[in-house]
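Chemist: got a predicted structure here, sequence first:
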Amino acid sequence: MPRYGKIVVIKRNGTDGIVFPLTSTSCLFGRKTECDIRMRLPWVSNEHCKIEINENKEAVLTNLSTVNPTQLNGACLEQPVPLKHGDVLTIIDRSFRFEYPLQSTPKKRHSRSPKDETLQQVAEVELLHKQTSGVKSPDAS
């Protein structure tokens with residue numbers, strides 16, 4: 001089962017509470033019994049907000065409440081926003097922290113600039129020319 005991240009409940013005293021693993025491409029917060037994270041408070045909308053995983057495996061938070069908008073890092077959410085590791089979403093007076101899973105794959109290599117690519121190609125051509133013409137390169141033994 002894929003794991004897209006986790007949602008950590010932040011207790012009122014600031015410590016971490018229950019952890020909800022994000023294993024599907026959608027997580028609905030709200031008061032309805034069908035919600036993935038159910039909050040039984042009268043001020044919470046039936047469907048308050050949702051986190052969806054897009055095609056790039058990026059978590060996107062969308063507010064669904066017009067009465068009490070969801071907050072992201074203390075600011076009201078106006079439109080869907082991609083989440084960053086450690087972002088805090090708040091519904092009324094309850095806060096949750098989103099965390100991406102630890103990456104087990106190697107980091108993506110930074111691509112070189114076109115100028116660096118050209119210099120690398122010139123250096124390779126010069127080295128190849130020296131090797132085929134019998135001229136020893138300085139680092140050859």
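Modeler: Arrived safely, thanks for sending. Numbering: from 1, shown residues only.
Chemist: from here on, contacts and neighbour counts on C-alpha atoms
Modeler: Will do.
Chemist: wait, isn't C76 in contact with T70?
Modeler: Yes - between C76 and T70 there is a contact under Cα atoms under 8 Å: 6.0 Å.
Chemist: higher neighbour count, those two?
Modeler: Neighbour totals were compared for C76 and T70, and T70 leads with 26 against 14 (other Cα atoms under 10 Å).
Chemist: list the contacts of the more buried one.
Modeler: By Cα atoms under 8 Å, 6 or more residues apart in numbering, the residues touching T70 are H48, C49, N63, L64, C76, L77, L89, T90, I91, I92.
Chemist: quick one, grab the pLDDT at it.
Modeler: Note on T70: pLDDT of 97.
Chemist: that one and I92, how far apart?
Modeler: The gap separating T70 from I92 is 7 Å, by Cα to Cα, to the nearest Å.
Chemist: span of stretch 75-91 from start to end?
Modeler: Taking Cα to Cα, stretch 75-91 runs 11 Å from one end to the other.
Chemist: tell me the phi and psi of the closest residue to Y4 other than its chain neighbours?
Modeler: With sequence-adjacent residues excluded and distances taken as Cα to Cα, 6 or more residues apart in numbering, Y4 is closest to L22, at 5.4 Å. L22 has phi and psi values of phi -100, psi 100 when expressed as degrees, to the nearest 10.
Chemist: tally of neighbours for L22?
Modeler: Burial of L22, expressed as a neighbour count using other Cα under 10 Å, amounts to 23.
Chemist: once you drop chain neighbours, what's closest to I37?
Modeler: Closest residue to I37 apart from its sequence neighbours, by Cα to Cα, 6+ apart: F29 at 4.8 Å.
Chemist: thought the one you found was touching K50?
Modeler: Yes - with contacts counted by Cα under 8 Å, F29 reaches K50, the gap being 5.9 Å.
Chemist: before we move on, the earlier item: quick check on the contacts of T70: which are buried?
Modeler: By the neighbour-count criterion of 16 or more other Cα atoms under 10 Å, these include these buried positions: H48, C49, N63, L64, L77, L89, T90, I91.
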